[in-house]
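Novice: Sequence below, structure please.
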Amino acid sequence: MDQSFVIQEILAEGENCVIAVQCLVLVDNVIESRLLGLVERTKEHALFVFTHRRMAITGEDVTLYDIFPISNDFAVVEVSSADELSFVGADTRVRLNFQDGDLEVRLPFGSHSRLFLSEVNKAWSDVCKSPKEAPKFEWLHKYRKASKGQGGVKQTLATLGTTHTKISQHKKTGNSLNAVSRSPVEGNKRVNSGVERPRVESGPESQGKVKREGWNELKREGRHDLVRQSSHTASNKATMLAMPQFGLRDNLIRCELLKNEDIYTYLENFSFFIGTYNVNGQTPKESLRPWLGSTSTPPDMYCVGFQELDLSKEAFFFNDTPKETEWMKAVSEGLHPDAKYDLVKLVRLVGIMLLFYVRNEHAKHISEMEAETVGTGIMGRMGNKGAVAIRFRFHNSDICVVNSHLAAHIEEYERRNQDYKDICSRLLFHQHDPSLVPLTIMKHNVVLWLGDLNYRLSDLDVDDVKDLIAKKDFETLHSYDQLKRQIDEKAVFVGFVEGEIDFLPTYKYDTGSDQWDTSEKCRVPAWCDRILWRGKNVRQLHYQSHMDLKTSDHKPVSSLLEMGIKLVNEESYKNTFEEIVRSLDKMENECIPSVTLSRREFHFIDVKFMQHQAETLTLHNDGQVPCQFEFIQKLDERTYCKPWLTANPAEGFIAQGGNVDIDLEVFVNRSTATELNAGHQQIEDILVLHLDRGKDYFLSVLGNYLPSCFGSSIQTLCQLRDPIQEIPLETIRELTLSGDETRTLIIDKPLDIPKEIWQMVDHLYRNAPKQGELFQQPGLRSEFVEIRDCLDTGMPDSLPGSNHSVAEALLIFLDALPEPVVPFSLYQQCLECCSNTSQCKKVVSLLPQCHKNVFNYIAAFLRELLKHSTHNSLDVNILATIFAALLLRSPTKQDLAEKRKTQEFFQHFLVQDLS
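Specialist: Have a look, this model is predicted:
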């Protein structure tokens, strides 16, 4: 995942983080994680090195450690040994040379690392082209003064490999960055050996450390993508053609090869064991062999998914848990004993984890491995619900595996539907060729979807369900299943198949037994845990639950699938390849590329806050040759479009006579809403579409934005008695330009607090004091739209939607404030006095009156919620963690220590009445 947006938040105006990637470095004999960002300003580039939290979500989660200017003294050299270069699939090891020393880093295997190296190489090449025009890097001075680790990297970051020769020798004999197209592997883990791996954590606070002696073990065992790759055989020629250095001609070859794939491939069956288990936050207490080793013969591959791996607050807020290692070891020991398996990939988001194992003889045929995660929790950030996924190529078949945990509670099937759609739209895999659009889940030959989907049984009470279970009338019981009904209505999982269910519901049992839930809630049994697939040449051999395992209140489920995988006939491939090349040689390459545009003007009517709109542009290649297109920057502009606009795809390839649809998408969020609300910016832009070796086309984008209370300031809203969309835009503009919070422009006496905050808080105060999981469970997006429109227009009189939707709307409102409730100017004082209650109270007294009113009002409301903690399960830590991040936002960046200080500051106002 590209985390450049995290770094971008802390950069000054005019500076742009081109791309970012996580890496491993060795600091004082300790392996630590760092975030590398390539930052550009006025054609000068530098590598920024950050320490970071386990999961960096915003600029507050990273701390600048050091900076490496990309100057004439800069160089990048691959330091992999000859033996390592015979394999691909693991981490890329490169050394960054600079004026005062060098730094060796390990980048995770995948297309994103290759794209990062490509961008660094491009920046370096630009410097080398003009050696006399040495960059000055004056814009870096402000960071060097403030950098916590000034000079520290150069002094303390050791290399991860063997002793190297001099830099000058590497420049002559080393593998240059242009040659970095595949990655070395340190060795495959034989998981049946029972050997544990050292853990690698990230800093600065977690400081999970692996000593130097542990590094050799890490090399032997492997931590990341333990995938061996054969030499370049026909089975991975598609991977070769996908490398960034290949241009227009090779794009066409790849396109033609894909179209003629049936000519040179044939099917061979392989077995896939798919397993899912919600472990309810428990540690492994029993062998998993009855589940994972239940097949008569060893499967070729295992895809094993867990949910609720860890239910602790630390896991929820910091995505860190020791249970990852515990359950991974339990899985390794539970695999079929008659085969040896390699761990290819582990990916986790909070408590959702997916493990991918293959028989070691198949590992060399795995390529193009990528992993992604999507959180669908509150505000789309929290990972307590969501999905993790991997995609890979096995021989010549592309496979995607998704492990998801959807929204809970019997009545929330619409929320589950929304979670599914969010996962499908937001989970994207980057391809090896950066000119190609990211792959969605459905853009694979086969999709395997597993997890705790949480769909329940509707319209039956618990006794009726248990009666049908006792009769083993699963067919009748299944007709009441929410997932079956939603699939039949084509609301979710269109095109997916699920095998016949002839086993007991997998939820909910008393932990440690086979007895249905005997708690006060007495949950209705349900098939929450499911496995589905989508694609051709797939046959299910079994689908069952495993009652022997009693660790959790769920039972694990497994499915054994026989899958027809496309293998390459080398002779047929060679003939097809040569025929394509011969036909290309006959083309008239001198012809100028040309396209026809379906339209050149695009109008977006009544654009609203956080409401997506899209218009489609179709490009038709009417020329005599294939062409490549991209949207390019206009003069003196950093990006090709305004921040509220995107083109998808922004670049690509069109075969002769082919068509490409481009979605022009408008989406206004917190970063763009304020200027649009005030009328300082409009929905207006010109896009330049450029053809390689061809001409430019100009597209006009126009529209209108409906002002919203979301993204408006507290002072402005306190001046408005009427809904914001009833106020003339000129009046709103005058308010935002006045710069005087005490000045009354519209009403005689400003409101004490914005009426919108009062409406949402009052609604929750009256309807939700005992609501479980308040501020932790997301609402429905459709209901947020209704709530937003109600606040902006005044209709209807009362807020629509569920309590969860109103609660999330309140959080989004606070997050979108251009100036937080505690103004940026007082942020530092809050940190300094966070441990002193009276000093904290004094700082709040300094707030502008309307800000102070909002602060006290929200704090009083939260104290009321805490009076009902036995019902809503809220506590001071949860509320302080959620609200401190919104009420006390840092003007620049916020490391973990600062984040904890803001929480400590706000806790003073939750534990006692300060009125």
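
Novice: could you point out where the stretch 151-300 of the chain is predicted with low confidence?
Specialist: For the stretch 151-300 of the chain, the stretches with pLDDT under 70 are 151-251.

Novice: Name the helix or strand for Val787, please.
Specialist: That one is not Val; residue 787 is Ile. helix 781-793 (DSSP states H and E).

Novice: From the contact counts, what lies against that helix?
Specialist: Contacts defined by 3 or more CB pairs under 8 Å, 6 or more residues apart in numbering; DSSP states H and E place helix 781-793 against helix 755-767, helix 803-816. C-beta here means a position set from N, CA and C on the backbone, and glycine is covered the same way.

Novice: what does stretch 133-141 contact?
Specialist: With CB atoms under 8 Å, 6 or more residues apart in numbering as the test, stretch 133-141 has contacts from 12, 14-15, 41-42, 44, 46, 67, 69-72, 127.

Novice: Can you select the buried ones from those in ChimeraX?
Specialist: Buried residues among the contacts of stretch 133-141 (16 or more other CB atoms under 10 Å), as a ChimeraX selection:
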select :15,41,44,46,67,69,70,71,72,127
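
Novice: and the longest strand seen in the chain, which residues are buried?
Specialist: Ranked by residue count, the top strand of the chain under DSSP state E comes out as strand 265-278. Using 16+ other CB under 10 Å as the burial criterion, the residues of strand 265-278 that qualify are Thr265, Phe270, Ser271, Phe272, Phe273, Ile274, Gly275, Thr276, Tyr277, Asn278.

Novice: got TSV for the residues you listed, with distance to Leu689 too?
Specialist: As requested, these are exported to TSV (distance: CB to CB, whole Å):
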residue	distance to Leu689
Thr265	36
Phe270	44
Ser271	48
Phe272	43
Phe273	48
Ile274	43
Gly275	47
Thr276	45
Tyr277	49
Asn278	48
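
Novice: For the residues you listed, work out which two are farthest apart.
Specialist: The largest distance within those, taken as CB to CB, falls between Thr265 and Asn278 and amounts to 38.1 Å.

Novice: that older thread, which among the helices and strands packed on helix 781-793 is found nearest to Val492?
Specialist: Minimum separation from Val492 across the helices and strands packed on helix 781-793 (CB to CB) falls at helix 803-816, 19.9 Å.

Novice: Against which helices or strands is that closest one packed?
Specialist: Partner elements for helix 803-816 (3+ CB pairs under 8 Å, 6+ apart): helix 670-677, helix 755-767, helix 781-793, helix 876-887.

Novice: what angle sits between it and helix 781-793?
Specialist: Put simply, helix 803-816 runs at 60 degrees to helix 781-793, going by axes from the mean of the first three to the mean of the last three CA atoms, to 10 degrees.

Novice: Buried residues of helix 803-816, list them for me.
Specialist: Residues 803-816 are the ones in helix 803-816 that count as buried (16+ other CB under 10 Å).

Novice: and of these, the nearest to Asn853?
Specialist: Taking CB to CB as the measure, Asn853 sits nearest to Leu814 out of those, at 14.2 Å.

Novice: Which residues are in contact with the closest one?
Specialist: Shown in contact with Leu814 (CB under 8 Å, 6+ apart): Pro820, Val821, Phe883, Leu886, Leu887.

Novice: mind listing the helices for the stretch 451-600 of the chain?
Specialist: In the stretch 451-600 of the chain, the helices defined using DSSP state H, counting those that start in this stretch lie at 462-470, 474-478, 482-488, 570-585.

Novice: can you redo those as CSV with mean neighbour count and mean pLDDT?
Specialist: Below are the helices of the stretch 451-600 of the chain laid out as CSV (neighbours: other CB atoms under 10 Å; pLDDT from 0 to 100):
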stretch, mean neighbour count, mean pLDDT
helix 462-470, 14, 96
helix 474-478, 16, 97
helix 482-488, 18, 97
helix 570-585, 14, 85
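
Novice: Please list all residues in contact with Pro593.
Specialist: For Pro593, the contact set (CB under 8 Å, 6+ apart) comprises Asn621, Gly623, Val625, Pro626, Cys627, Gln628, Leu691, Asp692, Arg693, Gly694.

Novice: I'd like to know how many residues surround the second one.
Specialist: Neighbourhood size, Gly623 [other CB atoms under 10 Å]: 18.

Novice: State the distance from the nearest residue to it once chain neighbours are set aside to Arg766.
Specialist: Distances taken as CB to CB, 6 or more residues apart in numbering place Ser594 nearest to Gly623, at 3.7 Å, with adjacent residues excluded. Distance of Ser594 to Arg766, computed by CB to CB, to the nearest Å: 64 Å.

Novice: Tell me, how many residues neighbour Arg106?
Specialist: Around Arg106 there are 24 other residues, counting by other CB under 10 Å.

Novice: Ignore what I typed, I meant Lys329.
Specialist: Neighbours of Lys329 using other CB under 10 Å come to 16.

Novice: State the mean pLDDT of stretch 854-863.
Specialist: Stretch 854-863 carries an average pLDDT of 96.

Novice: buried sites along it?
Specialist: The neighbour-count criterion (16+ other CB under 10 Å) identifies Val854, Phe855, Asn856, Tyr857, Ile858, Ala859, Phe861, Leu862, Arg863 as the buried residues of stretch 854-863.

Novice: now stretch 676-684
Specialist: Neighbour counts using 16+ other CB under 10 Å place Leu676, Asn677, Ala678, Gly679, Gln681, Ile683 of stretch 676-684 among the buried residues.

Novice: sorry, back to before: farthest-apart pair in the buried residues of stretch 854-863, please.
Specialist: Between all members of the buried residues of stretch 854-863, the farthest pair (by CB to CB) comes out as Val854 and Arg863, at 15.1 Å.

Novice: The closest residue to Tyr480 other than its chain neighbours - how many residues pack around it?
Specialist: Once flanking residues are discounted, Tyr480 sits nearest to Leu457: 4.8 Å by CB to CB, 6+ apart. Neighbourhood size, Leu457 [other CB under 10 Å]: 24.

Novice: hang on, the earlier thing: specify which member of the contacts of stretch 133-141 is nearest to Asp419.
Specialist: Using CB to CB, Glu15 is the member of the contacts of stretch 133-141 that lies nearest Asp419, at 36.2 Å.

Novice: Just list whatever residues bridge to the closest residue to the closest one other than its chain neighbours.
Specialist: Excluding the flanking residues, the one nearest Glu15 by CB to CB, 6+ apart is Arg41, at 4.6 Å. Beta-bridge partners recorded for Arg41 (DSSP bridges): Glu44.

Novice: all numbers from here: first residue = 16
Specialist: Got it, first residue is 16 now, which makes that one Arg56.

Novice: And the helix holding Ile802, what's buried?
Specialist: For helix 796-808, burial by neighbour count (16+ other CB under 10 Å) applies to Arg796, Glu798, Phe799, Val800, Glu801, Ile802, Arg803, Asp804, Cys805, Leu806, Asp807.
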